[in-house]
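**Q** kindly generate the corresponding structure for this input.
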Amino acid sequence: MALHCGKTCRQYLLHLAHDSVDFRLPELKALLALRGRQCDPSEAFREKSPFWRLCGLLEEDVRSVMSRTVCGKSAFELWGHGRTAAELKSSLLEYPIEKMNPFLQEESTYKINVYTFNKTLLFKDRIEKIDALGFLPFKGKVSLKDPDHIFCLLEDYGLDPNDIPEEPFHIYFGRWVADGQRELIRSHSVKKRHFIGNTSMDAGLSFIMANHAKVKAHDLVYDPFVGTGSLLVACSHFGAYVCGTDIDYNTIHGVGKASRKNQKWRGPDENIRANLRQYGTEGFYVDVMVSDASKPVWRKGALFDAIITDPPYGIRESTRRTGSHKEIVSPPEDFSGESHVPVSMAYHLSDIFADLLNFAAHHLVMGGRLVYWLPIYRPEYCEEMVPLHPCLSVISNCEQTLSSHTSRRLITMEKIKEPEKSDVLAHLADPRFSPYQGHNSFREKYFSGITKKNGKGSERTATTESDGF
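**A** Residues are numbered from 1 along each chain as shown. Now for the predicted structure:
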């Protein structure tokens with residue numbers, strides 16, 4: 001993503017939403033990769049900034065990105081920029097007039113918007129800034145309701161809401177090209193969804209995961225911990241065929257207690273298929289079935305273009321797998337009781353991720369992506385905690401903070417080679433491929449953090465009450 005290019009190079013300005021900041025760059029890279037384009041930040045690139053300048057792209061590339069991104073708000077053809085109004089004017093006057101002319105014709109209409117990040121301007125101040133652009137050779141008429149062309153003056157006042165400068169750090173001016181898909185966050189909100197559960201994935205994050213996985217039309221996408229199918233909904237929106245499995249019979253069949261307030265039992269048509277029907281994508285629904293992710297149920301071979309999932313962490317959903325007589329220790333010879341095979345057994349997080357990566361290595365197509373959430377106890381986090389596999393390459397690792405002591409990281413991996421017999425013993429040759437056992441205590445650490453937090457709160461309350469006496 002070069003920020004420096006010649007005067008003849010067409011540049012674009014991407015205005016980004018300032019939430020899910022850690023997910024924005026991997027999403028952009030993935031969406032450009034779908035177009036066969038690369039995105040490499042330069043040394044001057046500021047990832048936390050709400051404005052990114054892109055160079056070396058076609059307008060079709062930009063429109064393609066904006067047709068899918070939920071992290072980007074709008075994109076503009078950049079005509080000029082600078083740290084001051086004088087620098088902006090100088091930059092605009094240097095912009096090739098032949099690139100401006102198609103949008104400045106007498107028979108066309110236009111309007112100019114003013115957007116400020118981290119500061120609110122009075123209406124009169126906005127008008128003054130628009131009037132200051134009078135040196136631009138606009139020939140058409142102003143139309144505020146339905147203009148042929150929209151232009152925007154964007155000002156960046158930094159990221160600190162407690163220290164807002166009088167003048168902006170940077171000013172941009174350009175022609176609007178396209179808006180992002182932020183509307184999907186509202187239209188697909190789980191609050192409006194037909195079938196939900198206690199752990200239904202947020203709509204915005206679901207679409208981000210689909211974008212990180214490079215899901216596209218006619219792909220086959222699989223979720224091994226499908227739950228209420230939030231990830232299937234997002235992937236089907238992009239034209240992918242979707243399927244999934246889950247060990248929870250009630251969730252798969254949409255029966256049992258409801259997760260909604262003031263509703264005791266689920267209705268007769270509350271299921272994953274109904275969710276896709278709600279959004280008009282039922283035609284992309286393959287099927288879901290009750291299955292244990294720890295057991296091999298699929299035929300051998302590459303089946304899926306992407307695997308996207310949110311495994312259980314043992315907090316709101318238990319980490320269980322079906323019992324097996326093979327895993328029961330034989331009783332002593334003098335044991336007179338009946339042998340028992342438990343219905344379910346503990347499924348440790350380290351085993352969940354080891355099985356997930358191994359499954360992806362065997363069942364993803366070459367170049368297919370695995371996208372999943374990894375729960376983390378923040379005080380102990382290090383890169384070695386991220387599970388690895390010889391056949392999968394880590395593409396991105398993005399953090400979503402949940403509390404002061406816990407977070408989850410969205411891990412995106414890509415299949416780079418087919419499995420070999422030697423991969424089974426890879427953990428012996430390289431400890432990086434060994435399951436990280438520290439994941440197994442995440443539940444205890446999570447609740448110990450809450451207990452400590454509540455304990456401090458109780459101490460403060462007791463102190464306050466004693467002071468009151």
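**Q** so where's the stretch 351-469 of the chain uncertain?
**A** 427-429, 449-469 (pLDDT under 70).
**Q** this structure: helices as residue ranges?
**A** For the chain, applying DSSP state H gives helices covering 24-34, 59-66, 85-94, 97-100, 123-131, 183-187, 203-212, 230-237, 249-253, 272-278, 349-363, 426-429, 442-468.
**Q** what angle do helix 85-94 and the fifth one make with each other?
**A** Same thing as helix 123-131. 40 degrees (axes from the mean of the first three to the mean of the last three CA atoms, to 10 degrees).
**Q** picking up where we left off before, among the helices of the chain, which comes closest to Lys48?
**A** helix 24-34 (9.3 Å; CB to CB). In short, each C-beta sits where N, CA and C put it, glycine included.
**Q** mean confidence score for that closest one?
**A** The average pLDDT within helix 24-34 is 97.
**Q** and stretch 187-206, by the same measure?
**A** Rounded mean pLDDT across stretch 187-206 is 92.
**Q** give me the contacts around stretch 80-97.
**A** Outside of stretch 80-97, the residues within contact range by CB atoms under 8 Å, 6 or more residues apart in numbering are 7-8, 13, 53, 79, 132-133, 135-137, 167, 169-174.
**Q** make a PyMOL selection of the buried ones in the residues you listed.
**A** Buried members of these, defined by 16 or more other CB atoms under 10 Å, are picked up in PyMOL with:
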select buried, resi 13+53+79+133+136+170+171+172+173+174
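**Q** measure how far whichever strand in the chain runs longest is from the centre of its chain, please.
**A** Using DSSP state E to define each element, the chain has its longest strand at strand 364-377. Between the centre of strand 364-377 and the centre of its host chain there is 12 Å, according to CA atoms, centre = their mean, to the nearest Å.
**Q** what angle do that strand and helix 203-212 make?
**A** Using the same axes, to 10 degrees, strand 364-377 lies at 140 degrees relative to helix 203-212.
**Q** how far away is the nearest residue to Ser396 once chain neighbours are set aside from Met100?
**A** Among residues not flanking Ser396 along the chain, Pro26 sits closest, at 3.7 Å (CB to CB, 6 or more residues apart in numbering). Pro26 sits 34 Å away from Met100, going by CB to CB, to the nearest Å.
**Q** those two: which has the busier surroundings?
**A** Pro26 (21 against 16; other CB atoms under 10 Å).
**Q** wait, isn't that one in contact with Val394?
**A** No. Between Pro26 and Val394 there is no contact, the gap being 10.9 Å when judged by CB atoms under 8 Å.
**Q** what sits in contact with each of those two?
**A** Thr412.
**Q** does Pro375 touch Ser441 like I think?
**A** No. Checked against CB under 8 Å, the pair Pro375 and Ser441 is beyond contact range at 11.0 Å.
**Q** against Leu231, how distant is the nearest residue to Ala203 once chain neighbours are set aside?
**A** Setting aside the residues directly before and after it, Ala203 is nearest to His188 in space (CB to CB, 6+ apart), at 4.0 Å. As judged by CB to CB, His188 and Leu231 stand 12 Å apart.
**Q** repeat for Ile395
**A** From Ile395 to Leu231 the distance is 18 Å (CB to CB).
**Q** Ile376 now?
**A** 20 Å.
**Q** okay, those two: which has more neighbours?
**A** A side-by-side neighbour count of Ile376 and Leu231, using other CB under 10 Å, places Leu231 first with 30 against 24.
**Q** roughly how far does that one sit from Pro102?
**A** As judged by CB to CB, Leu231 and Pro102 stand 42 Å apart.
**Q** find residues that contact each of His188 and Leu231.
**A** Joint contacts of His188 and Leu231 (CB under 8 Å, 6+ apart) are Ser206.
**Q** local confidence estimate at the closest residue to Leu57 other than its chain neighbours?
**A** Distances taken as CB to CB, 6+ apart put Tyr12 closest to Leu57, at 6.1 Å, once the chain neighbours are dropped. Predicted confidence (pLDDT) for Tyr12: 94.
**Q** can you map out the strands along the stretch 101-250 of the chain?
**A** Secondary structure of the stretch 101-250 of the chain (DSSP state E, counting those that start in this stretch): strands at 109-117, 141-142, 149-156, 170-179, 220-223, 241-246.
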